[in-house]
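In: sequence and predicted structure are below.
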Amino acid sequence: MIIDQVTYDLNQMDHESLPALRDTVITALERYQTGPKNIIIQLCLALAGIALQMPSWPDAVQTMIDSFGRNPASVPLLLQFLTLLPEELNGNTKIPVTDEEYRERSAHLLTANSQRVLELLTMYIQAAGVTTAVQTQVFNCLRSWIIAGEVSSASLAETPLFAFSFEALASDDLFDAAVDVICELIHETQEIDDNMAVIELIVPRIIALKPQLLKQHKDPEKIKGYARIFAEAGETYRLLLLQHTETFFPIVEAIGECSAYPDLDIVPITFPFWMRLAQNIGKKSSVSPLFLEAYQSLMHVIIRHLHFPPDSDALTGQEADAFRSFRHIMGDTLKDCCFVLRTDTCLLATYELITAALSRGPEALSWQEIEAPLFAMRSMGAEVDPNDHNVVPKIMDLIPSLPNHPRVRYAALLIISRYTEWINMHPDYIRFQLQYISSGFEDSDTEVSAAAGQALKYLCQDCKQHLVDFLSTLHTFLSTTGSKLAQDDRRQVYEAIAHVISAMPMERAAESLRTFSLDILGQVHTIAGRQTVATQEELVNTNDGLENLEIMLHVIRSFGEDLPAACQNTCQQAWLVFDAFLAKYGSNYDVAERTTRVLRHGISFFGNAALPVASAVVERMSLAFESTGYASYLWIAGKVIDAFGDEENQALRVSFRTLYERSTAKVVSLLQLKSPSDLPDVLEDYVQMLLRLADKGPDIFFQSSAFPLAFRAAMAALTVVHSDIIFAALDLFRVILTHDCLSSSPHPPPKFPLYAAAIVAVFEKEGYELVGYLLAGLMSDFPEDSTSTLVSIFRAISFAWGSQLISCLPVVLEQLPPAAATHEAKSRFLSDVTGAIGRREYDKVKYAILELNRASRKTRERRRTALGGS
């Protein structure tokens, strides 16, 4: 398209050809005078780009005025060009001009013409017979030049455009465009001291709009426009509001009316004003009663907006989700009210709303009247003083008397969740809270039981020291009621219990963890030892138990290097259970995922105490991966290598070698059946395992017959469009090709020559293909952050295999698609690399890689832009 050619190719054209191109575009614009509009826009953008890059066209704006400004039929074309000119000059960073050239041309095209454009717009907007369509274009153009900073508020105020902008609000056709201009005009005056004269003209006109809120009350679109104007004025002039409150307060009142408007699409327009004003008020030693009254009114307005509709079941799923999300946004505005009025004042007012509603009796009470203030209390909870002895006790005492409605119980339980830090300072309330939470688990409404789980989690997390004595009660609760809970709720209970255990003395904590763990492991042992095959339901229940054990280990993490007596033999006992379970059900994907996640935490929890079973774990992971191809088995095997790879343990080293060779054979067989893109998880965990093995067991990694196969498998990983996999594979090749065994040393370690021989042999065979993968990735799907690793790899190849690299590069580059980089960029790269190797300046390879990367990205960006615009 023409705009892409102007953006990317104009600087390559002969300067003598530019006038002809410009004239061709102007002629085309005349031809498409009646549309279609998208072509007019493309041609105007092209002309703007030409004007920026063509210093020999000094009077571009005047040329366009002369060409299109005198005929009423072509004036819309001129206005479209003038609207897009500042937007294109300020927004299109892809045009290849230097900063100095940009500043010079921008000043020449925009700043030098701003007064002329302002006079032109003034003439057009009041011309005889002018249409509202042209007047709308005038406003749009004016707004564009204001945003660009080329038309100042002072210069605008001196023209009829200033008054007409406000007068145009009376026109349905011009209303939206006028609102846009007025908002930008107000924003332009944010430097108060410099614009005081203009502000004195603006503010009376804004205040005069206030009656329109009542007059246009039934027109949401009009109210939305007025809300934007008042909110912009309030935000911009908020310091003046505080300094001259009585004069400016009608703006605050108008914003308050907009906040109270029933259309919830309009209400949030006002929220930034209330937030910023609250921040300014917070810095003052005294606050006008007018502002206190405004925020009190706002608080009641927000709580009213929080009410679910009388028939909330009529909301569609999307509508209900949107309303719930918006309630949280409104909750932030309630925090602003707390900031101005003080949290205890807001909480007390909200509390009184509930008690007043309850006093009317159940017959005259709707659940919405209770739930909305409860939600407000929850939103304000983040601002509550944990040492409060005045209001929060009243709220806690109120909870038992609330109606037994699921929405009310849900809200009350979430209040407990939010106020747990306060409860920690007032532990006398814990017994009651536990009772209320426990009854929540028995509610048939799933959201209520989920809220109960959340409340218990946070109560145990923040009040864990006070809950130690309640642990037996929680264990009994799980034994009697746990099976009735949904798994999500049950998991939250286990998480809550883990927080309590983490607060116990170590010996007692170990005994408690053992008690809860044995409940779960007993279930696993029963399933694994039974002659009959477990049903799907039994496996799901077992997996749920493993998930609960996982979350407990995640919270508790570890008891340190010296395990308490209760944990001394637990690792071996637990592994026997898991080993039998995996031997029988390890081919079940969900079993594999759940079991390995527990094992991951078990390795961290037991630390060195897991060493006696480490080789058995690796052996089981090796067999399981060979049998199933599930990535999670490789994941755990890699974690064991990472944890115990430094140990001089013969059985463990043998298990590492067996794992390496079996897993490599399995990955190779999988790659023969599927493409690498179909095996992302397997390749990621396999390459991560290789990285750990190369670090912890280089003798195993390099000297095994699996090494050449692993090298090829890692190359396949480079073709998967997934950042983590590419980073891991590149790290592996960096580790291999920069290994110390390849550097000259008079006294290398005994095995280094063996390592070097293995690396040289595999690179001699696979180097050509590896270079192809690396360059293809560099010029397509490799993450931008991977370039430094690529540089290290190519520097190493240039140093150790320079002649081989020079001989293979021409063929590799020729095979890369033209869309990846231009022929010139490839030729320059080949020349730069060849020169760097020939001069033994291997560090210069870095600059060749970076230059090729930049050229490739530019080529791809141009291609994407062309495809997007076609």
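Out: Looks like it came in fine.

In: what's the nearest residue to residue 422 if we skip its chain neighbours?
Out: Nearest in space to residue 422, with sequence neighbours left out and distances taken as CB to CB, 6 or more residues apart in numbering, is residue 386 at 4.9 Å. For the C-beta atoms, the positions are set from N, CA and C on the backbone; glycine is no exception.

In: report the secondary structure state of the one you found.
Out: Residue 386 carries the three-state label coil when classified by DSSP: H, G, I helix; E, B strand; the rest coil.

In: my guess is it contacts residue 424, does it?
Out: Yes. Under the criterion of CB atoms under 8 Å, residue 386 lies in contact with residue 424, with a separation of 7.2 Å.

In: neighbour count for the two, which is higher?
Out: residue 424 (19 against 14; other CB atoms under 10 Å).

In: contacts for the helix or strand that contains the more buried one next, please.
Out: Secondary-structure assignment from DSSP states H and E places residue 424 in helix 420-425. By CB atoms under 8 Å, 6 or more residues apart in numbering, the list of residues contacting helix 420-425 from outside reads 384-388, 392, 396, 416, 429-430, 433, 458-459, 461-463, 466.

In: one more: stretch 713-720?
Out: 664, 667-668, 671, 676-677, 679-680, 683-684, 686-687, 690, 725-726, 728-730, 732-733, 766, 769-770, 773-774, 777.

In: show me what counts as buried in the longest helix along the chain.
Out: The single longest helix within the chain, with elements called by DSSP state H, is helix 752-778. In terms of neighbour count (16 or more other CB atoms under 10 Å), helix 752-778 has its buried residues at 752, 755-756, 758-759, 762-763, 766-768, 770-778.

In: and the next element down the chain from that helix?
Out: Of the helices and strands lying after helix 752-778 in sequence (DSSP H and E), the nearest is helix 787-800.

In: can you pull out the strands in this protein?
Out: Taking DSSP state E to define them, one finds no strands in the chain.

In: contact partners for the spatially most central residue of it?
Out: Within the chain, one residue has its C-alpha closest to the average C-alpha position: by CA atoms, centre = their mean, that is residue 723, at 16.3 Å. Residue 723 makes contact with residue 783 under the criterion CB under 8 Å, 6+ apart.

In: residue 829 too?
Out: With the criterion set at CB under 8 Å, 6+ apart, residue 829 makes contact with 813, 821, 848, 851-852.

In: mind redoing it with 10 Å?
Out: Remark: with contacts taken as CB atoms under 10 Å, 6 or more residues apart in numbering, residue 829 is in contact with 775, 778-779, 809, 813, 821, 848-849, 851-853, 855-856.

In: quick one, phi/psi of the residue located most distally from the centre of the chain?
Out: Distance from the C-alpha centroid of the chain, by CA atoms, centre = their mean, peaks at residue 128 (53.1 Å). Taking degrees, to the nearest 10, you get phi -60, psi 130 for the backbone angles of residue 128.

In: please renumber so the chain begins at 50
Out: With the count now opening at 50, the last piece we talked about shows up as residue 177.

In: could you count how many residues lie near residue 293?
Out: Each residue near residue 293 was counted by other CB under 10 Å, and the total is 12.

In: can you give me the neighbour number for residue 102?
Out: Residue 102 has 20 neighbours, counted by other CB under 10 Å.

In: mind checking pLDDT for it?
Out: In the predicted model, residue 102 carries a pLDDT score of 84.

In: and for the one 5 residues further on?
Out: Residue 107 is assigned a predicted lDDT (pLDDT) of 82.

In: what number of residues lie near it?
Out: Taking other CB under 10 Å as the neighbour definition, residue 107 ends up with a count of 14.

In: next: the one 10 residues further on.
Out: By the measure other CB under 10 Å, the count of residues near residue 117 is 22.

In: could you give the backbone dihedrals for the residue nearest to residue 471?
Out: phi -60, psi -20.

In: also residue 438?
Out: Backbone torsions of residue 438, given as degrees, to the nearest 10, read phi -120, psi 10.

In: before we move on, what about residue 241?
Out: On the backbone of residue 241 - angles per degrees, to the nearest 10 - the values are phi -60, psi -50.

In: I figured it hits residue 288, correct?
Out: Yes. Under the criterion of CB atoms under 10 Å, residue 241 is in contact with residue 288, at a separation of 6.5 Å.

In: so where's the stretch 50-199 of the chain uncertain?
Out: 50-64, 145 (pLDDT under 70).

In: so where's this protein uncertain?
Out: Low-confidence regions of the chain, defined by pLDDT under 70, span residues 50-64, 145, 911-919.

In: rewinding a little: buried among the contacts of stretch 762-769? Make that a ChimeraX selection.
Out: Applying 16+ other CB under 10 Å to the contacts of stretch 762-769 leaves a buried subset, and the ChimeraX line that selects it is:
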select :713,716,720,725,728,729,732,733,735,736,739,774,775,777,778,779,781,782,815,819,822,823,826
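
In: re the thing from before, pull out the buried members of the contacts of helix 469-474.
Out: With burial judged by 16+ other CB under 10 Å, the buried subset of the contacts of helix 469-474 is 433, 437, 441, 445, 465, 478-479, 482, 507-508, 510-512, 515.

In: can you tell me which of those are in helices?
Out: Among the buried ones among the contacts of helix 469-474, the subset assigned to helices under DSSP H consists of 441, 445, 465, 479, 482, 507-508, 510-511, 515.

In: and which of the residues you listed is nearest residue 852?
Out: Distances from residue 852 to those, taken as CB to CB, are shortest for residue 510 (63.5 Å).

In: excluding its backbone neighbours, what's nearest that closest one?
Out: Closest residue in space to residue 510, ignoring its immediate chain neighbours: residue 548 at 4.4 Å, by CB to CB, 6+ apart.

In: surely the one you found and residue 558 touch.
Out: No. With contact defined as CB under 10 Å, residue 548 does not count as touching residue 558 (11.3 Å).

In: so what sits against both of those two?
Out: residue 605.

In: what about the residue lying closest to residue 624 once chain neighbours are set aside, distance to residue 622?
Out: On the basis of CB to CB, 6+ apart, the spatially nearest residue to residue 624 that is not a chain neighbour turns out to be residue 662, at 4.4 Å. The span separating residue 662 from residue 622 equals 10 Å under the rule CB to CB, to the nearest Å.

In: what about the two, which has more around it?
Out: Set side by side, residue 662 and residue 622 show more neighbours around residue 662, with 21 against 11, by other CB under 10 Å.

In: surely the more buried one and residue 626 touch.
Out: No. The pair residue 662 and residue 626 fails to qualify as a contact (CB under 10 Å) at a distance of 11.6 Å.

In: neighbours of residue 521, just the number please.
Out: Neighbourhood size, residue 521 [other CB under 10 Å]: 11.

In: mutual contacts of residue 435 and residue 473, please.
Out: Overlap between the contact sets of residue 435 and residue 473, as judged by CB under 10 Å, 6+ apart, is given by residue 511.
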